[in-house]
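**Student:** after the sequence you'll find the predicted model.
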Amino acid sequence: MARFVVEMMFETGDPRLAHTRPAHRLYWERQAALGVLSGGGWYTNDRGGLLLCEASDEREVRRAVQADPYVRSSLVKSVRILEWTPVLGGFGTGARPDQLGLTTVNDSPATVVRRLEESSRAVRTAPSKATRRLTAHESRIAELIVRGQTNREIAAAFGVSVRAVELHITNIYRKLGIARRAQLAGALVA
């Protein structure tokens, strides 16, 4: 998995910004639950903000950004997606949405990034050999399983059927050479 910084600049002064903000927040809270969003915040002047994402490649991040309610409503003036390699600290998934810094941040972009790094729950290390065999989608499902989510909860988070999740889990188990949920955490770090 790679890390990306997404900078969105808004069409300021458009009254639709305020109306679309709840949908934008809900969308990115769902992305956080899926392990895509690790943090984010608004610039002081409300002209834009940063999102910190994890994905297999830039195309995956671009797809997530294109589904953002602000983007779909043509309220975004520009988007920059940059792959990011933290030198000190890092960020990890697993934070609750209220811990993700999605509220207005009255600081510079550098301060936003520093705060996100400080508040991260875990510093990610290089992916294990086992994890590299999984697709990005399978990796996100595996992480949700390890966090204790049920197949039904995972299906709701992705907006798919429980059967679809079960098929992904079968593929994950096959690729990792395991047979039970209890073996998954150990297989992911192998």
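**Tutor:** Ah, there it is.
**Student:** is it true that residue 67 touches residue 27?
**Tutor:** Yes: with contact taken as Cβ atoms under 8 Å, residue 67 and residue 27 are classed as touching, separated by 7.0 Å. C-beta coordinates here come from the backbone N, C-alpha and C atoms, glycine included.
**Student:** more neighbours: the two, which one.
**Tutor:** Neighbours per residue (other Cβ atoms under 10 Å) separate residue 67 from residue 27, with residue 27 holding more: 19 against 12.
**Student:** got a list of what that one touches?
**Tutor:** Residue 27 makes contact with 67-69 under the criterion Cβ atoms under 8 Å, 6 or more residues apart in numbering.
**Student:** tell me the first helix or strand C-terminal of the host helix or strand of residue 8.
**Tutor:** Using DSSP states H and E, the element containing residue 8 is strand 2-10. Past strand 2-10, heading to the C-terminal end, the next element that is a helix or strand (DSSP H and E) is helix 16-33.
**Student:** so where is the chain shaky, pLDDT-wise?
**Tutor:** Along the chain, segments meeting pLDDT under 70 span 86-132, 190.
**Student:** in it, which spans are strands?
**Tutor:** In the chain, the strands defined using DSSP state E lie at 2-10, 37-42, 48-55, 76-83.
**Student:** neighbouring contacts of the longest one?
**Tutor:** The reference is to strand 2-10. Counting contacts by Cβ under 8 Å, 6+ apart, the residues outside strand 2-10 that touch it are 17, 38, 46-58, 61, 65, 68, 70-71, 75-86, 90-91, 109, 113, 124.
**Student:** and that strand, which strands flank it?
**Tutor:** Strand 2-10 has these partner strands in its sheet, going by DSSP bridges: strand 48-55 (antiparallel), strand 76-83 (antiparallel).
**Student:** single out the most deeply packed of those.
**Tutor:** When neighbours are counted by mean count of other Cβ atoms under 10 Å, the highest per-stretch mean among the strands paired with strand 2-10 falls to strand 48-55, a mean of 23.
**Student:** now do that strand against helix 16-33, angle only.
**Tutor:** With axes from the mean of the first three to the mean of the last three Cα atoms, to 10 degrees applied, the angle from strand 48-55 to helix 16-33 works out at 20 degrees.
**Student:** hey, what's the angle from strand 48-55 to strand 37-42? Just curious.
**Tutor:** Orientation of strand 48-55 against strand 37-42 (the same axes, to 10 degrees) gives an angle of 170 degrees.
**Student:** and residue 159, how many residues sit next to it?
**Tutor:** The number of residues near residue 159, taken as other Cβ under 10 Å, comes to 8.
**Student:** show me the contacts for residue 62.
**Tutor:** Residues near residue 62 by Cβ under 8 Å, 6+ apart: residue 81.
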